[in-house]
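Enquirer: No letters, just coordinates:
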């Protein structure tokens, strides 16, 4: 969960669950965090199911906790094969395997079909050495199997919204800038861009579902999940390919799509595309501005400029689209003055909502290598990457900009942005003139307000 209250769907696990069910493998997707389960609850549930394969999604900040859960499950179900998935095992497969003998394998990269094949191997008592895309221990040594190719035809995968309906409570999930209840889907995987800080698992591998397949899922959501107020398209960059974006939006418009949606986008999205998106039901774009400084943008390979950012905001208003703006403080070449410049620029742009993040780095990324090379990491002990509240904290501290100072700057940025009288008046007017935004505004405020006045640097 983020400070804005966002609680993400386990959508990659859900897609993998759907891939298993498509070939009639029995699968159960459980979100223990959403159910507020502790380790004992999770182990008890696993024991009641008696699975041959247990798959645990993990990340760098949660890896120690997730390994402990794996160990507890293995103790209760010694014959179960336990596999870890996610960006951390992908980037650090051997290190992850060596953390515990309870981990039988880890999946490397896109794992929908890897899990499917692993489940078949476990069920039939085969060795796992022929399963593509995993790392496992063989005679005490870690081994990588043949890399698994990315799925070329994403239309092969079942609708993730169908998997949610069967396995999850949709009302558990909240996206601060999106109307609740919502569902999160992917219409494409990968991204044509390569920002140094991005932890995307599919860089430089952009693949898109067909327009017809996506439009069909929108109709499924309309018919089978009528209480859903909005769809969040969690593609890395939804309008990455203009021709494809226009094709999909025109099809949604032709089918008279009534389901509102939001998406991730970049500031190079042009007005023609925005208008087509608006006509197709788009309500809001989540956009990474990061910084107005060109030296900072160049350093992180963003491929944008301040002028592009300003033009983009003007054109979103012409198109009638709202924006959730994201800004990162503490990037390479940032200092106290440039961060103040970023905060001032955020207020100048004045998106509907804004998020201010301290720089986060992860093993396997260029930004992590930069921090480690320069001695900026406060710790390489992943168990210390979370706050007492379970939130991800920055692990970067450098001369003239300590980690605590960076967190204070982020807190100050939120207060400066959200406590402006002009912003409060704008949101009040929005809640009156656009009743559909009222519930989102109230829920976001209730969740977020406790962080605004709190010093989170301690």
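Expert: Looks like it arrived, so ask away. Keep in mind it's a predicted model, so treat the numbers as computed, not measured.

Enquirer: Going by C-alpha atoms from here, please, whenever you check contacts or count neighbours.
Expert: Will do.

Enquirer: Can you list the low-confidence ranges for the stretch 51-200 of the chain?
Expert: Low-confidence segments of the stretch 51-200 of the chain (pLDDT under 70): none present.

Enquirer: Which of the helices or strands spans residue 120?
Expert: helix 112-123 (DSSP states H and E).

Enquirer: What are the contacting residues of that helix?
Expert: With CA atoms under 8 Å, 6 or more residues apart in numbering as the test, helix 112-123 has contacts from 12-13, 15-17, 19-20, 25, 52-53, 81, 107, 127-128, 131-134, 148.

Enquirer: Quick one, which of the residues you listed are buried?
Expert: When the contacts of helix 112-123 are checked for burial by 16 or more other CA atoms under 10 Å, the buried set is 12-13, 15-17, 19-20, 53, 81, 107, 128, 131-134, 148.

Enquirer: Inside strands: which ones of these?
Expert: Judged by DSSP state E, the buried ones among the contacts of helix 112-123 include 53, 81, 107, 134 as members of strands.

Enquirer: Closest to residue 324 out of those?
Expert: residue 107 (33.0 Å; CA to CA).

Enquirer: which residues does the closest one form a beta bridge with?
Expert: Beta-bridge partners of residue 107, counted by DSSP bridges, are residue 134.

Enquirer: and which of the ones in strands among the buried ones among the contacts of helix 112-123 is nearest residue 433?
Expert: Of those, the one sitting nearest to residue 433 (CA to CA) turns out to be residue 107, at 48.8 Å.

Enquirer: surely that closest one meets residue 133?
Expert: Yes: taking CA atoms under 8 Å as the definition, residue 107 is a contact partner of residue 133 at 5.9 Å.

Enquirer: returning to that earlier point: looking at the buried ones among the contacts of helix 112-123, which is nearest residue 222?
Expert: Closest approach to residue 222 among these (CA to CA): residue 15, at 19.7 Å.

Enquirer: how far away is the closest one from residue 9?
Expert: 11 Å (CA to CA, to the nearest Å).

Enquirer: Which residues are in contact with the residue at the greatest distance from the centre of the chain?
Expert: Seen from the C-alpha centroid of the chain, the residue lying at the greatest distance (CA atoms, centre = their mean) is residue 139, 36.2 Å away. Listed by CA under 8 Å, 6+ apart, the contact set of residue 139 is empty.

Enquirer: and residue 334, helix, strand or coil?
Expert: coil (DSSP: H, G, I helix; E, B strand; the rest coil).

Enquirer: tell me the pLDDT at the nearest residue to it once chain neighbours are set aside?
Expert: Excluding its sequence neighbours, the residue lying closest to residue 334 (CA to CA, 6 or more residues apart in numbering) is residue 296, at 6.9 Å. pLDDT for residue 296: 93.

Enquirer: now swap in residue 2 and tell me
Expert: Per-residue confidence at residue 2 stands at 56 (pLDDT).

Enquirer: Make 4 the first number, not 1, from now on.
Expert: Sure, I'll start numbering at 4, so the last one becomes residue 5.

Enquirer: wait, is residue 326 part of a strand?
Expert: Yes: according to three-state DSSP, residue 326 belongs to a strand.

Enquirer: quick one: it and residue 352 touch, right?
Expert: No: look at residue 326 against residue 352 with CA under 8 Å: they stay out of range, at 10.0 Å.

Enquirer: Mind checking which of those two has more residues around it?
Expert: Neighbours were counted for residue 326 and for residue 352 using other CA atoms under 10 Å; residue 326 has more, 25 against 19.
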